[in-house]
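Engineer: Structural data only, the sequence is not supplied:
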């Protein structure tokens, strides 16, 4: 990477920056500096907020684990590529986001610390956010502006006074000026539920972000319009769909980022899976009494009504423990009346808690099925790596017929989050 550094958030309460250029003899791999976010230094009487770093010295630390800085990090350039920045989430270690200026690391001293730590951000609506912030350009009256976009995450604190969504904050999208950390917009939903990682989209391919999609723990999918040149005119969330299980009762939580592609007839397809792995009870597969699903929704600008599960084509997954099939791949979707597709995951406890990845017409996704040993916290569980024809949900395997296997069972453990890299 052009940065020639490695930035790592760690559970020692620090963000470490290493020199990734050269060899050991030329300081390659040497730590340049470490940054301790202010929330790591502060203790709190709120039991849902992590303790300060002093907890490391407590005799019970080995049996009472504390989280510190374990969120993901984005590296990006700002200010016409003159500044190299890192933007990170505190993860389970706090409710906030930070920005570091990594432009000139030749002389890092205590006195230069204030120039490196550009800003920190928190808010009453913030929960624990694990995802790396999105860094994109928006088209404002003042011209091209680089911004940082992220959601409020999960488990936000109860408000001192009832918020617009009740005793807890509404789902929230924050848009900050990347250079200063100043808020440009705080966009909310109408549901008392934290938002998952958002997908930031440039629908008209003009180089500027104009739309945001995000799901929440109640299964709602929200669309936010940020196309206006005035940030004050950006829209709060519009609900386009609610994921309800096949039993018609249970809402299906969305805890990962959707992926988005264009639809041939206009608008976009929004892909996401449902399920969560956040609470202690989630580690027991049998506690999940309904089926989670994988969805592909057509957000059609010519039909702005809320999408219903009944308007989606139902595809069927079958498997034989070693291979997985889409049983009805020969059947086409009727786009004149249907708004996309879905498929229920067949195995008890199976869920999708990783981001879907759209690459050249294919949708790639992993599922997880928790293991059975919840007492000793040993590794275990399994899952599927699936590759589908994205727009239709049909089977897709390069060089094979459509009725062939569309996934392979990962028996050695749970598949990780996907990361598609194009190599020329």
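Structural biologist: Cool, got the structure. Keep in mind that this is a model prediction, so the values were computed, not measured. Residues are numbered from 1 along each chain as shown.

Engineer: Roughly how far does the residue nearest to residue 303 when sequence neighbours are not counted sit from residue 27?
Structural biologist: Among residues not flanking residue 303 along the chain, residue 339 sits closest, at 7.5 Å (Cβ to Cβ, 6 or more residues apart in numbering). (Each C-beta comes from the backbone N, C-alpha and C, glycine too.) Applying Cβ to Cβ, to the nearest Å, the value for residue 339 to residue 27 is 56 Å.

Engineer: Same question for residue 268.
Structural biologist: From residue 268 to residue 27 the distance is 46 Å (Cβ to Cβ).

Engineer: Looking at those two now, which is surrounded by more residues?
Structural biologist: residue 268 (20 against 13; other Cβ atoms under 10 Å).

Engineer: In stretch 352-363, which residues are buried?
Structural biologist: Buried positions in stretch 352-363, judged by neighbour count with 16 or more other Cβ atoms under 10 Å: 352-358, 362-363.

Engineer: Please apply the same query to stretch 231-240.
Structural biologist: For stretch 231-240, by 16+ other Cβ under 10 Å, it's 231, 234, 236-237, 240.

Engineer: try stretch 179-196
Structural biologist: Neighbour counts over stretch 179-196 (16+ other Cβ under 10 Å) mark 179, 181, 184-185, 187-189, 191-196 as buried.

Engineer: Repeat that for stretch 287-297.
Structural biologist: For stretch 287-297, burial by neighbour count (16+ other Cβ under 10 Å) applies to 288, 290-297.

Engineer: Low-confidence regions, the stretch 101-250 of the chain specifically.
Structural biologist: Residues of the stretch 101-250 of the chain that meet the criterion pLDDT under 70 lie in 158-163.

Engineer: which stretches of it form helices?
Structural biologist: For the stretch 101-250 of the chain, the helices defined by DSSP state H, counting those that start in this stretch cover 113-116.

Engineer: quick revisit: how much space between the residue nearest to residue 303 and residue 312?
Structural biologist: Residue 339 is 6 Å from residue 312, where distance means Cβ to Cβ.

Engineer: Could you please give me the overlap between the contact lists of these two?
Structural biologist: Taking Cβ atoms under 8 Å, 6 or more residues apart in numbering as the criterion, residue 339 and residue 312 both touch residue 297.

Engineer: thinking again about what came up before, residue contacts, the residue nearest to residue 303?
Structural biologist: Contacts of residue 339 by Cβ under 8 Å, 6+ apart are 297-298, 300, 303, 307-308, 311-312.

Engineer: Going through those residues, which ones are buried?
Structural biologist: So, by 16+ other Cβ under 10 Å, the buried ones in these are 297-298, 300, 307, 311-312.

Engineer: In a helix, residue 383, correct?
Structural biologist: No: counting by DSSP: H, G, I helix; E, B strand; the rest coil, residue 383 is not found in a helix; it is strand.

Engineer: bridging residues for the nearest residue to it once chain neighbours are set aside?
Structural biologist: In space, residue 383 comes closest to residue 368 once its chain neighbours are excluded; the distance is 4.3 Å by Cβ to Cβ, 6+ apart. Applying DSSP bridges to residue 368 gives these bridge partners: residue 351.

Engineer: Next, the contact list for residue 287, please.
Structural biologist: 281, 349.
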